[in-house]
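>>> sequence below, structure please.
(2 chains, ligands or ions: 2)
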Amino acid sequence: MRTVIADKRWAEKYPEIGTGPVAAEPLISQEHFELEREKIFRRTWLNIGRVEEIPNPGDYIAKDLTMCRASVLIIRGRDGEVRGFHNVCSHRGNKLVWDEKGTCKGTLTCGFHAWAYNTKGELTWVPDEDNFFDLPKCDLGLTPIHTEVFEGFIFIHLAERPPESLREYLGGVADQLEGGGFGELALAKRYRVDEHANWKIALDAQNELYHLPFQHRRTIPEFCVLKDGQFTRLLDVRLFNHHSVYSSDPPEDRVGPATEKLAARFSVAETESRLPRIGSFDFYTIFPNMALLLFRGVSHDFYMSYNFWPQAVDRTDWDIKIYFRPAENAGQRVGQEYFTCLLRDLLQEDATAHEQIHIGLASRAKKELYFQDEEMQIRYFHTVLDRFYAEA
Amino acid sequence: MSAQKLPAEFADLEPFLDWALATERERTGKRLASSLEDIQAFYDHMSARVEAAMAYLNAFPLDTLPPEAERLFHLSLSLMEVANAVEMFQNPAVINGFDVKRFAPVEDV
Ligand code: FES
Ligand SMILES: [Fe+2]
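Ligands and ions are numbered 1, 2, ... in the order given. Have a look, this model is predicted:
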């Protein structure tokens, strides 16, 4: 086994991140929430979805970003290009598209007075146009939003001029995941969790494995190598500019439940397909609000994404997506169902806990949080937050 | 007489046909509405038959299962749904679970 069962390896690897307590206030305060609105969510690349959601010309997705006070439209043009716009009509500002997903035959028409736009965002039709006063129609297209795609993941940036390209922003994460073949997998399950908790409480609680033998004692107590059979020991922690990844391997002597063994047998395929994993399980935190989870599958690796969309300081829309290589037969499909049911059930344990943590922290009985070495990546996330809070 | 509900060699699963549900929402609903005893009975019986079921079903293309094979497929998915209730929680619902109305499957298959 590659995993070293030693203490305090990550603080040794990254001494500059420190070891002291971390302030709890940013997790619950309205003031920090407003800082995040201005200094983080409008200044970073945000993942909106994947290209498979809009495979054909005219397909679009629309998303209200409460945190950014914006509504975003991502549309595939007739030329095949993926473009992003503010989902706002140039006439009197009505939200152009109201459904979250759809397709058009080349024209999007506003429901209020039927101004129409093509898939490049150009204004093409104004009813009763002659009755307007010198309408500068050419300038009245939809307002573009910087939109870039990495390995099929669509990101937007709301700044007028993003300080760096998406590739530069992702940095070491992109180095690791580039060419990973994510497009060969397809969305199998998606859950939307309406959580009464701060988005960072939810993300922090996912960003470690320390809690597995305790909070998940019923579901996945033996997911990760354990020191003395009790305490998780990660395979690796890597910190990038803004982002991080932690990796783990399962204990060598892991037994696992009976149905998991059945599901594993059903999941065997003739050919293997692998993702660019570091360990058996990798958890990327892509700043600010995305996580990407890579899993070793029996024959086919699979992955999940999380997007934590803040709705209010104490309310989060946790968007969970699970992607598999499409099943070739009933056995593989049934095997996938086992793993998605397991993930769903244990993430329910988490969702419940997120809300309880929020209640605990909101009492302000505790001013500081204490992170152990296995929680280094959360500590790092908070230093990145601090960096953004402090920006001009 | 009604047409045969399951492939002939799986007729022993007929008493559990109300677990042959097409969507995750329905399967979860059935799990939550059932007693642990009923779940356990389905789990015990289906666990013993699911490998044979897979051997049978894998002979068909997944997207063109005949109706009686499709019911067998849905029964197998229901086994995956209830496995944790038996093996992990000894309870129909997740212990310390979340309000399922606020933890909703979006692409429901
Ligand atoms: S606001 Fe869109 S047409 Fe009037
Ligand atoms: Fe967890």
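>>> tell me the centre residue of chain A?
A:M290 (2.6 Å; CA atoms, centre = their mean).
>>> what values do phi and psi take at A:E208?
Note on A:E208: backbone dihedrals following degrees, to the nearest 10 are phi -170, psi 160.
>>> chain A - how does it break down into domains?
The record's domain parsing of chain A by automatic domain parsing lists A:13-26+A:180-389, A:46-161.
>>> which stretch of helix or strand covers A:I48?
strand A:46-50 (DSSP states H and E).
>>> average pLDDT for that strand, rounded please.
Mean per-residue pLDDT for strand A:46-50: 98.
>>> which strands or helices does the top helix by length along chain B pack on?
Longest helix in chain B, counting residues (DSSP state H): helix B:36-57. Other helices and strands packing on helix B:36-57, by 3 or more CB pairs under 8 Å, 6 or more residues apart in numbering or on different chains; DSSP states H and E, are helix A:258-266, helix A:330-362, helix B:67-84. (Each C-beta comes from the backbone N, C-alpha and C, glycine too.)
>>> any regions of the chain where pLDDT drops low?
In the absence of a named chain, chain A is used. A:1-4 (pLDDT under 70).
>>> that's the wrong chain, I wanted chain B
B:1-3, B:108-109.
>>> close to chain A: what parts of it are there?
Residues of chain B found near chain A (CB under 8 Å from any CB of the partner chain) are B:24, B:47, B:50-51, B:54, B:57-58, B:60, B:62, B:65, B:73, B:76-77, B:79-81, B:83-84, B:87-89, B:94-98, B:102-107, B:109.
>>> could you redo the last one with a cut-off of 6 Å?
Within chain B, the positions lying close to chain A (CB under 6 Å from any CB of the partner chain) are B:54, B:57-58, B:62, B:73, B:76-77, B:80-81, B:83-84, B:87-89, B:94, B:96-98, B:102-107.
>>> all strands of the stretch 51-200 of chain A, in order?
A:59-65, A:70-76, A:82-86, A:101-103, A:107-109, A:116-118, A:123-125, A:144-150, A:153-157, A:186-195 (DSSP state E, counting those that start in this stretch).
>>> mind putting those in a markdown table, mean neighbour count and distance to chain B included?
A markdown table is the format used below for the strands of the stretch 51-200 of chain A (neighbours: other CB atoms under 10 Å in any protein chain shown; distance: least, CB to the nearest CB, whole Å):
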| stretch | mean neighbour count | distance to chain B |
| --- | --- | --- |
| strand A:59-65 | 20 | 13 |
| strand A:70-76 | 23 | 17 |
| strand A:82-86 | 21 | 21 |
| strand A:101-103 | 14 | 10 |
| strand A:107-109 | 18 | 23 |
| strand A:116-118 | 21 | 27 |
| strand A:123-125 | 16 | 33 |
| strand A:144-150 | 17 | 21 |
| strand A:153-157 | 22 | 18 |
| strand A:186-195 | 19 | 4 |
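>>> save those strands as CSV, and put in distance to A:T383 too.
Below are the strands of the stretch 51-200 of chain A laid out as CSV (distance: least, CB to CB, whole Å):
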stretch, distance to A:T383
strand A:59-65, 25
strand A:70-76, 27
strand A:82-86, 30
strand A:101-103, 37
strand A:107-109, 42
strand A:116-118, 43
strand A:123-125, 45
strand A:144-150, 24
strand A:153-157, 22
strand A:186-195, 25
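>>> show me where chain A has its helices.
For chain A, the helices defined by DSSP H cover A:9-13, A:30-39, A:166-170, A:172-177, A:199-206, A:212-215, A:258-266, A:330-362, A:376-389.
>>> before we move on, the earlier item: who does the strand holding A:I48 pair up with?
With DSSP bridges as the test, strand A:46-50 is paired with strand A:153-157 (antiparallel).
>>> phi, psi of the closest residue in space to B:Q40 that isn't next to it in sequence?
In space, and not counting its chain neighbours, B:Q40 is closest to B:V86: 5.9 Å by CB to CB, 6 or more residues apart in numbering or on different chains. When read as degrees, to the nearest 10, the backbone of B:V86 gives phi -80, psi -50.
>>> what's the neighbour count on B:V86?
For B:V86, the number of neighbouring residues by other CB atoms under 10 Å in any protein chain shown comes to 21.
>>> swap in B:A104?
14.
>>> which of the three states applies to it?
Three-state call for B:A104 (DSSP: H, G, I helix; E, B strand; the rest coil): strand.
>>> from A:V384, how far out is it?
The gap separating B:A104 from A:V384 is 31 Å, by CB to CB, to the nearest Å.
>>> get me the contact residues on chain A for chain B.
Counting by CB under 6 Å from any CB, chain A comes close to chain B at A:190-194, A:218-219, A:257, A:259, A:266, A:329-331, A:334, A:337-338, A:341, A:345, A:348-349, A:351-352.
>>> buried only: go through these for me.
Buried by 16 or more other CB atoms under 10 Å in any protein chain shown: A:190-194, A:218-219, A:257, A:259, A:266, A:329-331, A:334, A:337-338, A:341, A:345, A:348-349, A:351-352, out of the residues of chain A next to chain B.
>>> contacts only, for A:W10.
Applying CB atoms under 6 Å, 6 or more residues apart in numbering or on different chains, we find A:W10 in contact with A:V237, A:D373, A:M376.
>>> quick one: those residues as JSON lines, columns for neighbour count too.
Formatted as JSON lines, the contacts of A:W10 follow (neighbours: other CB atoms under 10 Å in any protein chain shown):
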{"residue": "A:V237", "neighbour count": "20"}
{"residue": "A:D373", "neighbour count": "19"}
{"residue": "A:M376", "neighbour count": "26"}
